[in-house]
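Engineer: Pasted the sequence and its predicted model underneath.
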Amino acid sequence: MAGHIVVKRLEKQTPPERLLKGIDFWKWEEGDTIAHKMCFKVDSEGYFLSATGDDPSKSALVWDLVVVSDVRAGKVPKDGKLHDFLCTSLGISELSEDCCLCLVYKMDGITKLHFTYLMALDTESAQIFKTSINKLAHHLLDYQLSVHTYMRKHYVRMCLESNGHGQLPVKVVRKLMMVPKTSKDILNYFESAKTNVKEKDDGTPYIDVSEFTEEIYMNLIDTLLQNRGPDLDVLKKECKIKARKQYIDAKEFATVLNTQQRDPRLNDILHPRLTNEQAMALMDKYGGEKDRLTMKDLLQYLMSDDNMIIDPTVFDQCQDMWKPLNHYFINSSHNTYLNGHQVRSESLTEMYAQVLLTGCRCVELDCWPRGDFEDIIITHGNTLCTKVPFKDVVETINEFAFAASEYPLILSIENHCNKYPKLISRMADIFINVFGDKLLSAPFEDCPLEPGTPLPPVEKLKGKILIKDKVRAPKGGTGTLSRGATIQDNSEDIPEPAASSPTSKEETVVTSPPPVTVVTDDTPSPTAAPPVIVEPPKSKAPLLTRPSLFKGMTILEDTDDGPIKQNSLEKSPSQASASSSEKSPPTTDEHKKTEGGGEGGQQQESTAPADGNAEAKQPGSTPAKKDNGASDEASREEKKKYERGEALGASPLTELLNYVTAMSFGSFEASEKLNCHYIMSSFGEEKGMNLIKTKPKEFVRYNIRQNSRVYPAGGSRMNSSNYMPQIYWNVGCQMVALNFQTSDMPMQVNYAKFEMNGGTGYLLKPSVMCMDRGFNPFVQKKIDDTVPARLSVKIISGMFITSKKTELMVEIEMYGLPADIVRRRFTKKRAPAPHPFWDEDYFVFKRVLLPELALLRLVVFDSDHVFMGQRVLPVNQLRAGFRHVSLRDKHNNPLGIANLFLHIKIEDYVPDEYEDFVAALENPLMFATRALEQLAMGTDAEEDEFKDAAETEQSGESNIRKGSAPEITPTINTPDGPIPEQKRKGSAAPPEIQVKSAQNFAKPRGSLVPTTGNDTLKKMGTKSATMPSFQGETLSCLMEAKGREKLCAVSHDSPTIIENPDYLKLMKRFTKGNIDLANKHEKATKKLQADQSKAMAKASKKGADQEKELEATHKAQLADLEKSQKEQIKALERQSKMELHEKQKFLLGVTHNAQRKALEKIKKIDLDKVTKEIIQELKLKKKDGDTKNKDWGRGVEQEVFSTGMLTRSELSKVHDREKEYLEKTVVEAVKKMEEKHAEELAKLDEDENEIDL
C-alpha cells in the first residue's frame, strides 16, 4: 500500500545445531596436491568460523564472519593427484560436484580475496554449510556492536585460538590485546590472577583455556587500562559527582541519564524521563549492589548495548519504500569490473559479486565487440585492462543480484556494439535468457512511459533488474524509444543552449578542439598502414584528449554527450599528414573508432566517414581525393540522419529499456519541457560540478523529476581514486557512482551512508529535496520545515587503537551542505597505548543546516600520519551523552575493541539574538532569578552583553563568545564563490545570502566547491593534449626551482638526531647506569679487600705457608672480580650502543619522512605558483589585447596554457631530480649509520676477547 511504512527488523541468525557441533570437510588450497580433513564449526554467538584438524597440537584456523565474503558452489578439482587423493580417501571412484564448495574471504578489501576449497562428505552437509554461512556472513548487525559486545567477541576469538589440548599461547593473548612484546604486564597479571602460566616442550608459555574465564579477561582489560582513572575524572566532573566518590545511588544515576545521556530536544510527554525505579532496574542489570552503582559498573553501562552512539534500530529497514524511484539515493558503482587502476588492472567477474554483496544497486557494464566481432566482452576500451566475456558477467550478476538487497538492480550499459545488430540482438537474448522473470522487460500498465507520469515506487520494482542504456532523441517528429514509449521532440520549441551559456557543452573544455584530429594505430596488423588524418565530426559534443602514461598506447576520455576521443601518443601531426591520402587500416576491437559517449553511449559516432576515406583540411597539407562524389554525398546524408536520430531503429535491446532510459543532456529547460520522468542523463564529475556551481536550484528541480548519474573523471582519476559523493547528494543526484575497488575517504563515506535503511542500497532523500520549493544547496539561512542542529563533540580518550607508544591525532570532519562543512584536527603529546588520553575542549559545530544529510567523520592517525582507524556517523542519528565509538578500518570493517570515548551535546540551533528568549521559555524560573540578580546589581542584561561583545571584538575574537568553546561559523559559498567583504556589506546580494556583518563569518576552512584557480588548473590538465606546441618559453617560477639548493637527507650524527630530547634522555640513562655500575664495583672491591685483610691477619698467626697460599687465592679473587666488572661494563656499553642505535634509526626514519613531506609541500607550492602566474599572465594579456576578437582570445589562452603546461612538465623533472637526490642521500645516511654501528660493535667484540684472554 502506497505511503505505508513496513519496518523490517534486522535479526542476527542463530547458527544451526549441525554447525555448532561441527561438519567434516576435506580442505585444500589452490595448488595443493593433497587435502586435509578438518571439522568446521561456528561459535554459539555466530561470530567466527573455525576449523580443527586431527593434530591436537596445532591451533585452530579462525575466520571472522565479518570478512567472509560468501560460500559458493565449487567444482571437482582438476589436479589429477588431488583428485586421486580424494577418491582414495573417500573410497569412491568419482567425486560429486554437489559436495564441493568454495569459501571466499576478504584479505584486504574486496580486491584481495582468498579462496579455500572444501568437499563435504555428503550433499546435505554441503547445503547446510553454504546456506548457514551465507546468512551469518557480514551481517549488518555485526558492524553495529557495542564496545562491551566487541570485548566478548574478542574473548571468544582468544579461546578459539587454542589448540586441541586447550593450550592458549601467551603470545596470542599479547598480540590480540595489543601489548608490546617487551611488556611483562600480561605475565604479572596472570600471576596475580592465580592463572598458571605453563610452558610447552619448546619453551613456549601458555595458559589453560579452561582457566581463562571471561571475568579474568575483563579484569585483564581493566588492568591494562589502569581502571580508566582519567576517564572517570572527566565523567565525575561533567556529571557533578564528587571526585572521591566511588559509587552513585539510583537517584544520582537517574539524574545522569536524564541530563547527560538524554537528547534535550525530546518532548517530555512523548518521551518521559527515566524514573528512579527504571534507573534501579538498569543498575541491577549492570552489577549494582545495595541500590548502588560503582564507577566501574557505570563504565560497563557506558560501553553496553544500552548506550550505543547510534540506536541499532536505525539500521532496520524503516523508510517508506513506496516513493517514486527518483526520490532515493541509490548505491552505485563505476567501472564495476575493474579491480584496480583504470588503465592497467584486471577485469573480473568476481568484482560484480563483491560489489553486489556490499549492497550496491547500480553496476556498470562496458560492452565492446570481441576481436572477431562474433561476441561481446567487458573491458575498459583501448587500455591495458584485461577482458571478460559478457555472458559470464551477466551470469555472475544473476547469481548475486539480490544476495544483499531485494530491491531493484540497475545495469548501466556503456555500449560500444551499436554498429553490429547481431551483437545487439545477442546482448538482448543473453539478458532475457539469463535473468528470466527478474528482468523488467516492459513498463507497468499503471506507470506508462508518458510525459508527466511519475516513476513507479521502489517497492513495486522489488526483485527486478532494470537495463539502463543510451538512446538518441529523434528530432522533428515522434520516435519510439521502447515498447509503448514515445518522445515528441519539437526542436524549434526547445531552445539550444548558447555557446556562451554556462551549461553549454563547450563549457567543459578550455579551448575549442583543433581543426584536425589525428588517428593512429600502433598495434601490429596483417596489413600495416600509415596513420590517417580525418575530419572531425560535426557533433557538438566536446572531444577530450589526455596524454597517456604509457608509450604507444591509445586511451579514451569518457564524455557523456559525444564521441569518445581516441589519442595516440607516438605520432605527430606532421608525421600523420605525410600519408593523409591513404586509406585507414582495418579496425579491431582494441583500436577501432568506437561510437558513443563514455557513460552509456548508446548512439556514438565514428569520426571517419562511412566509406573509409578521410578528407584532410589541415593548412599546408594536400586534401585527399574523393573516390566518388555521389557516394560521398550519400555518406554525408546518412551522417545527417544519424545525427538527427533517424538512423536509430527499434532493436531487441531498446525493447528492454523503460524506467532508466538514458539520453544526452541538453539543458535543464529542455528537460523540464520534455517532462519525461523515465529519461535520465549521466554527468562526468567536472560537468556536474559546473552545473552545481552555475545552476544549483535547477539541478535540484531536475532530480525531483527524473534520475541522474554522476561518474568519476576519466583522465584525472586513472588511479581509480574517488570524488566526494556528498557534493552531488547535495543537489539530489540519485546514482553517484564510485570506484568500489578503492577504499579511500569518499568510499568510506558512501559505505557508512548506505548502512542505513537495512543496507538495501536505497535511501530516501530529505523531503525538502523532493518538493518543488526551489531548494538551494548553498543556502546560509534556515531551510523550510527543517530545524538546524548545534553539535558539540569532546574527544576524551581512546582504547586499544595501537600498541605503539606514539602521538595520536584525531581528526573530526563534518560533511553536508557547503555551509556545514568544517574540519578540526586534534594533536597531543605522546599518549601511551593502549589508552591514549586527550580530554580536549569541546569542538562546536554551531549550526548544521540539514542534519538529515550531514555526516560526521572521525579518523585517527599516528605521528607519521599513518591511518589507524575511522568511523563515519549520520548526524541526525547521533545520541547525546558519554558514548563509545567503535572504529573501522579503511575498508569499513570493524577494528574490534578499538574505540574512542566521546562526550556529545546535541541541541536545536538558536541564533544569538534569540538565545535569552529561548532560555526563558525552557527554564523561566532560572531566567527570572538571573534577571532579578542583574537588576539588583544595577546592571542591565542587554548592556552587559553589549560590553562583552565590544571587548571580544577588540581582542580579535569576534567569533568566540565569552566563556564558551571555540565555534566555527560557516563561510558563505555561493555559485559564484565566497562573497567578498565589500559585497557582503551592500544590498546587492540575493536575499538568501544577505548577512548583517562580515564579522559573522570566519575565514573559509574548506569548501566542496573548488575555487576558480583550482578549476582552471584542472581544465589545463584536461586540455593539454589539444594545445599547440610551444617553442620553449617557460614561467619565472621554473628558474627559481632550478636555482634552489637540493634537500639533503639528515645524517645520524646531526644535531637534529643527537640533540633530540628522547635521544638525550636515553644517553642520560646510560651515563647514570655507568656511574651506578662504577660505584657498585668500587664498593665490591673495597669489601673484598677488607675481607682479605681480615683473612690475612688470621693466616699470619698460622704460618708463612698458609699466608702465601691465601695471598694467591686473594689475587685470583681480585682478578675474577675485575674480569666480572669489565664484562658488566662492556655488557652495559653493548646494550647502550644497541638501544641508541635503534633510537637513531627511529629518529632518522621520522626525520627522513618529514623531509619527504617537506619536498611534497615544496612541489605543491611550485604548482600553485604556476597557476597564479598563468592567471596573472592572462589578465595582463587580455587587458592590453583585442578582447572582442574571439580568435585572438583563444590564441592567447592557448599560448599561456601551453606555457603553463611546459613549465609544469619541466617542474616535474626538477621535482623528480630533487626526490631522487633526497632518496639517494637517505640511503647513504642509513648506510653510514649502519657502518658506524658495525664498527662500534666490532670494537666491543675485540675488547671482550681481550677480557676473556
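Structural biologist: Thanks, I have it. Numbering: from 1, shown residues only.
Engineer: tell me which residues in stretch 835-850 are buried?
Structural biologist: Buried residues in stretch 835-850, counted by 16 or more other Cβ atoms under 10 Å: 835-840, 842-850. In short, each C-beta sits where N, CA and C put it, glycine included.
Engineer: Ignore what I typed, I meant stretch 91-108.
Structural biologist: For stretch 91-108, by 16+ other Cβ under 10 Å, it's Leu95, Cys99, Cys100, Leu101, Leu103, Val104, Tyr105, Lys106.
Engineer: Hmm, the third one is touching Lys75, no?
Structural biologist: In this case it means Cys100. Yes - contact status for Cys100 versus Lys75: in contact at 5.8 Å, counting by Cβ atoms under 8 Å.
Engineer: In its sheet, which strands sit next to the helix or strand containing Phe861, and in what direction?
Structural biologist: Element membership for Phe861 (DSSP states H and E) is strand 855-862. Counting by DSSP bridges, the strands paired with strand 855-862 are strand 808-815 (antiparallel), strand 867-874 (antiparallel).
Engineer: Turn these into JSON lines, including mean neighbour count, mean pLDDT and distance to Gly1195.
Structural biologist: Formatted as JSON lines, the strands paired with strand 855-862 follow (neighbours: other Cβ atoms under 10 Å; pLDDT from 0 to 100; distance: least, Cβ to Cβ, whole Å):
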{"stretch": "strand 808-815", "mean neighbour count": "20", "mean pLDDT": "90", "distance to Gly1195": "42"}
{"stretch": "strand 867-874", "mean neighbour count": "20", "mean pLDDT": "95", "distance to Gly1195": "47"}
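Engineer: and stretch 737-745, which residues are buried?
Structural biologist: Ala737, Leu738, Asn739, Phe740, Gln741, Thr742, Ser743, Met745.
Engineer: who are the neighbours in contact with the last one?
Structural biologist: Going back to what we said before, that points to Met745. Contact analysis of Met745 by Cβ atoms under 8 Å, 6 or more residues apart in numbering lists Asn722, Met724, Arg857.
Engineer: now the first one
Structural biologist: With contacts defined as Cβ under 8 Å, 6+ apart, the neighbours of Ala737 are Ser332, Ser333, His334, Cys362, Glu364, Ser412, Arg709, Val710, Tyr711, Pro712.
Engineer: which regions of the stretch 801-950 of the chain lie under the pLDDT threshold?
Structural biologist: 825, 827-833, 913, 915-950 (pLDDT under 70).
Engineer: hmm, back to that, kindly reformat the buried residues of stretch 91-108 as JSON lines containing distance to Val71, pLDDT and secondary structure.
Structural biologist: Output for those, formatted as JSON lines (distance: Cβ to Cβ, whole Å; pLDDT from 0 to 100; DSSP: H, G, I helix; E, B strand; the rest coil):
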{"residue": "Leu95", "distance to Val71": "18", "pLDDT": "90", "secondary structure": "coil"}
{"residue": "Cys99", "distance to Val71": "13", "pLDDT": "94", "secondary structure": "helix"}
{"residue": "Cys100", "distance to Val71": "11", "pLDDT": "96", "secondary structure": "strand"}
{"residue": "Leu101", "distance to Val71": "6", "pLDDT": "96", "secondary structure": "strand"}
{"residue": "Leu103", "distance to Val71": "5", "pLDDT": "96", "secondary structure": "strand"}
{"residue": "Val104", "distance to Val71": "7", "pLDDT": "96", "secondary structure": "strand"}
{"residue": "Tyr105", "distance to Val71": "10", "pLDDT": "93", "secondary structure": "strand"}
{"residue": "Lys106", "distance to Val71": "13", "pLDDT": "93", "secondary structure": "strand"}
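Engineer: Go through these and say which is closest to Leu657.
Structural biologist: Nearest to Leu657 out of the buried residues of stretch 91-108 is Val104 (Cβ to Cβ; 33.7 Å).
Engineer: Just the buried residues of stretch 737-745: which are in helices?
Structural biologist: Met745 (DSSP state H).
Engineer: about what we covered before: mind checking which of the strands paired with strand 855-862 is nearest Ile309?
Structural biologist: strand 867-874 (6.7 Å).
Engineer: ok, and what's touching whatever helix or strand comes next after that closest one?
Structural biologist: The C-terminal neighbour of strand 867-874 among helices and strands, as given by DSSP H and E, is strand 881-888. By Cβ under 8 Å, 6+ apart, the residues outside strand 881-888 that reach it are 143, 145-147, 150, 235, 238, 260-262, 302-303, 307-309, 748, 796, 799, 801, 858, 860, 868-871, 873, 894-895, 898-904.
Engineer: Per the annotation, how does the chain divide into domains?
Structural biologist: 17-212, 225-307, 325-495+652-769, 789-909+959-974, 1055-1076+1128-1252 (automatic domain parsing).
Engineer: Tabulate these (CSV), appending distance to Glu1109.
Structural biologist: Listed next are the domains of the chain as CSV, based on distance: least, Cβ to Cβ, whole Å:
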stretch, distance to Glu1109
domain 17-212, 45
domain 225-307, 60
domain 325-495+652-769, 80
domain 789-909+959-974, 57
domain 1055-1076+1128-1252, 27
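Engineer: Asn719 contacts Gln342, doesn't it?
Structural biologist: Yes - the pair Asn719 / Gln342 is scored as a contact, 7.4 Å apart, by Cβ under 8 Å.
Engineer: what about the two, which has more around it?
Structural biologist: Gln342 (23 against 12; other Cβ atoms under 10 Å).
Engineer: On the pLDDT front, check the closest residue to the more buried one other than its chain neighbours for me.
Structural biologist: With sequence-adjacent residues excluded and distances taken as Cβ to Cβ, 6 or more residues apart in numbering, Gln342 is closest to Met718, at 4.9 Å. Met718 is assigned a pLDDT of 90 by the prediction.
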